[in-house]
Structure formats: C-alpha cells, structure tokens
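> sequence below, structure please.
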Amino acid sequence: MTRCLLVDDDPEIRSLLTGYLQGFGMVVEALADGASLRQRLAAIAPDVLLLDLMLPDENGLALCGWVKQQCPQLPVIMLTAQGDPLSRVLGLELGADDYLPKPFEPRELVARIKAVLRRGIAPPGAAGRVRFEAWRFDRLRRELRAADGTVVALSAAEYRLLAAFVEHAGRALSRERLIELTRVNAAEVSDRSIDLAVSRLRGKLGDVARERPLIRTVRGEGYLFDTKVEPA
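All right, here's what the predicted structure looks like:
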C-alpha cells in the first residue's frame, strides 16, 4: 500500500482527502501543522508527502526544504491556494516534486501521486544503479554517493537533471530539451531555472575544482555530460 502523509491546517480538507485516498487503497495519516510533521516524519516513513504551503506555525516552502534534507528521496507534492508562477518555481527549486493549486479535483491528486511515485522508478531497460567516475547514482532510491560512500543530498530538480544527463551521457542537450526531460506537472521551467540547477549540480559533483568537468557547456548547443556511464 502507498503510505501518504498529509499536512494541511484545514480539517475539512484533511477529512475529505483522507477518505478519498483511502478509497484508492492508500494508507493516510493527516497532520495539521509543521511541528507535527517534524515530530512524526521519521516514525511514519511515508511514500509520498502532501504538504500545504500555508500552515499556521511554519512556511510550507521552508518546511519542504527541511523535509528534503531529512529524506532526499521522499516525493513531495505541494498543495496551495497560491497558484502564482513564483510560488510554483520556489516550491520546485526547494525540492518539491509537483505542485497542485487549490481548488483541485481529488482524482487529479491521485494521478499526481501515481506520477511522482513512477518517476522514482528507473525506466524499462535502464539500470537503476549506475556509476560514473568515482560516483554511484541510484535512481531507484534517488541517491548520489561519493567514492567514500557519503550520500550527497539532491533536490528534486537536481535529481531529475542528473537522471537526464545519465540517460543521455555523451550527447549535448539544449536547455529546451532539458526542460522537456525534467518538467513536472503544472511546473513552469525556464532556461534560468535549468542554468541554476546545472550550477548547483556542478557544485555537488565537484566540477568547480575539476580540470575536466563532468558537465560541460557546449556553446550554441547546451550542456553535455562528458563521462562514461555504466551499470553499477
């Protein structure tokens, strides 16, 4: 069964969504604030987190960032009445995997949950765990490990970007193509967002100090993942 953790301060929404998701065979625990989430996250170990942006005790965006630090692999769907593009971009850059503005149809939420869970699974015919240089990348667990075994935390955007590079190693990818490969439902991704994600990913891969960087900029074409990728 899919374990959903729902955090929303509206009791009617908590009751409605809990009953609806349970009707699809999901196990749901509903919380009303950020403090409860911080206390219960580890104990619940959910498969997906449904997080309201506006909570009474804490900003949902900041809470999303904290969750991704604790559980980088946990899919997060933001639920909010703020449907402006800036809020969507901020949520996704802080690690949210999807964004659903209120009001929404509960059936659409079910579709979004299934979609983010599918994205955590390697595509058919692709190795779930791969290696390049001294790095190990586990797409099933959404983990990047350094040579010494240290897990390097990746935001949702960085994970999707690295997965795209791994799938297309040795090929120059334009910003437009990277937007297609990393887009999530209802997200407005720009060239600037791609450049920022590439910059952050380069920093985590140590490209700044590397004479031959893993992610190269190809003038007039985009970005190239310049290394050999093999099943781990």
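> switch to C-alpha atoms for all contacts and neighbour counts from now on
Fine.
> do a quick rundown of the helices in the protein.
For the chain, applying DSSP state H gives helices covering 11-22, 34-44, 60-70, 85-93, 106-119, 156-167, 175-182, 191-205.
> return the most buried member of these.
helix 156-167 (a mean of 22; mean count of other Cα atoms under 10 Å).
> outside of that one, which residues touch it?
For helix 156-167, the external contacting residues (Cα atoms under 8 Å, 6 or more residues apart in numbering) are 72, 92-97, 139, 142, 178, 181-182, 197-198, 200-201, 224-225, 229.
> contacts only, for the residue nearest to residue 216 when sequence neighbours are not counted.
In this structure, residue 216 finds its nearest non-sequential neighbour in residue 224, 5.1 Å apart by Cα to Cα, 6 or more residues apart in numbering. Applying Cα under 8 Å, 6+ apart to residue 224 gives the contacts 165, 169-173, 215-218.
> ok, and the most crowded of those?
residue 165 (24 neighbours; other Cα atoms under 10 Å).
> check that one and give its pLDDT.
Here the pLDDT value assigned to residue 165 is 92.
> please determine how far it is located from residue 66.
26 Å (Cα to Cα, to the nearest Å).
> cool, residue 103 as well?
26 Å.
> residue 40 now?
Distance, residue 40 to residue 66, by Cα to Cα: 13 Å.
> cool, and residue 225?
Separation of residue 225 from residue 66 (Cα to Cα) stands at 29 Å.
> same thing with residue 229?
Counting by Cα to Cα, the gap from residue 229 to residue 66 is 31 Å.
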